[in-house]
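In: Below are the sequence and a predicted model for it; my questions follow.
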Amino acid sequence: MTVPIITTILHLLLFTQPAFPQTPDTISTMLAADGTAITSRNSHQITHISNAVQSQLATGLLWRIAGLGTTPSYLFGTMHVDDPRVTQLPEVVADAFDRSDSLTLEAKLDLASLTAVATKMILGDGQSLADILGSDLFAAAQDLLKQRGIPGPLAVKFKPWAVSVLLGAPRSKTGLFLDRVLHDQAQQQDKPIHGIETLEEQISVFDELSLVDQVSLVKETVTQYAQLQNLIEELTQAYLQRNLTALVAVTDRYLEENGDLAERIKKRLIIERNIKMVARIYPRLREGNAFIAVGALHLPGANGMLALLRKNGLTVEAVY
């Protein structure tokens with residue numbers, strides 16, 4: 001199993017993914033990301049605590065977090081798709097959201113951030129994706145991009161990592177992925193909207209890859225493209241069952257045969273970000289009555305946000 005599987009998992013369960021309608025005019029809507037680190041904890045301690053409470057943290061998408069502020073807050077695991085099975089909030093989740101005083105997403109979906117990220121997707125003057133990929137690989141990637149509504153003249157301008165990210169994203173039908181639904185509802189209710197990261201932070205892990213690694217991403221994305229829909233449905237079913245253990249199991253199964261590149265991406269985008277994200281939501285937890293939404297794969301595991309919050313003395317209880 002290969003790197004594009006990782007890219008798809010990132011889109012679904014780790015990144016805030018703005019809408020990708022199938023027109024080139026909207027390519028400026030990209031991913032999503034600010035930075036302080038939580039008090040250092042060694043990995044042995046975290047794993048020990050996680051093993052002790054693993055069964056308690058195995059099932060659930062909505063979690064009540066208490067111990068800071070006068071009113072508990074909620075941490076909600078999202079899936080970044082516009083599938084109606086996902087975007088239709090269960091009553092208990094909708095009630096917690098409606099009663100909350102603020103919304104915190106992985107990143108704010110403001111136009112300035114989206115534009116800045118879109119700029120980072122584009123090659124410098126004089127560079128051509130066709131020259132970087134070679135004729136055969138470029139032709140294959142170009143054909144898939146056309147299926148996403150991105151014409152050849154635009155495709156040739158993308159950095160290799162951007163091609164992999166665009167092709168790894170689930171197809172968008174409405175653009176109203178779950179994070180956008182929450183964002184729009186918060187606006188309608190005049191709730192303050194906060195971001196944990198910036199869009200540029202989220203894509204930096206790709207933009208900082210060597211050109212060799214970026215080409216590998218494209219090659220594997222093209223090769224595995226047909227398999228991605230099966231993965232998306234498998235993850236969706238685990239999500240709908242609120243089964244965090246299954247989400248981790250699916251991810252780990254697809255990681256078993258991945259090479260060093262995928263492991264490096266996983267470390268940066270799951271483990272390191274979880275620590276940073278827990279630290280950054282503390283202001284919201286102190287304010288109280290916050291609704292915090294992050295990709296569901298940030299919640300479980302020895303180094304997941306739930307275990308980290310509990311390790312730091314907070315009360316973590318599943319609501320749904």
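Out: The structure has been received and is ready for your questions.

In: got the phi/psi numbers for the nearest residue to Gly313 once chain neighbours are set aside?
Out: Excluding the flanking residues, the one nearest Gly313 by C-beta to C-beta, 6 or more residues apart in numbering is Gly67, at 6.1 Å. Bear in mind the C-beta positions are built from the backbone N, C-alpha and C, glycine included. As for Gly67, its main-chain torsions (degrees, to the nearest 10) stand at phi 120, psi -10.

In: Am I right that Gly67 is in contact with Leu314?
Out: Yes. Between Gly67 and Leu314 there is a contact under C-beta atoms under 8 Å: 3.9 Å.

In: These two: who's more crowded?
Out: Leu314 (18 against 14; other C-beta atoms under 10 Å).

In: Against Tyr282, how distant is the more buried one?
Out: 10 Å (C-beta to C-beta, to the nearest Å).

In: what residues are shared contacts of those two?
Out: Leu68 (C-beta atoms under 8 Å, 6 or more residues apart in numbering).

In: okay, and for the stretch 51-200 of the chain, where does confidence drop off?
Out: 51-55 (pLDDT under 70).

In: before we move on, what about the stretch 201-320 of the chain?
Out: 254-259, 262.

In: can you map out the strands along it?
Out: Under the criterion DSSP state E, counting those that start in this stretch, the stretch 201-320 of the chain contains strands at 290-295, 315-318.

In: name the helices or strands packed onto the first one?
Out: Translated: strand 290-295. strand 73-78, strand 102-107, helix 178-188, helix 272-287 (3 or more C-beta pairs under 8 Å, 6 or more residues apart in numbering; DSSP states H and E).

In: Next, the angle from the second one to helix 272-287.
Out: Taking axes from the mean of the first three to the mean of the last three C-alpha atoms, to 10 degrees, one finds that strand 102-107 is oriented at 170 degrees with respect to helix 272-287.

In: tell me what strand 102-107 is packed against?
Out: Judged by 3+ C-beta pairs under 8 Å, 6+ apart, strand 102-107 is in contact with helix 178-188, strand 193-197, helix 199-207, helix 272-287, strand 290-295.
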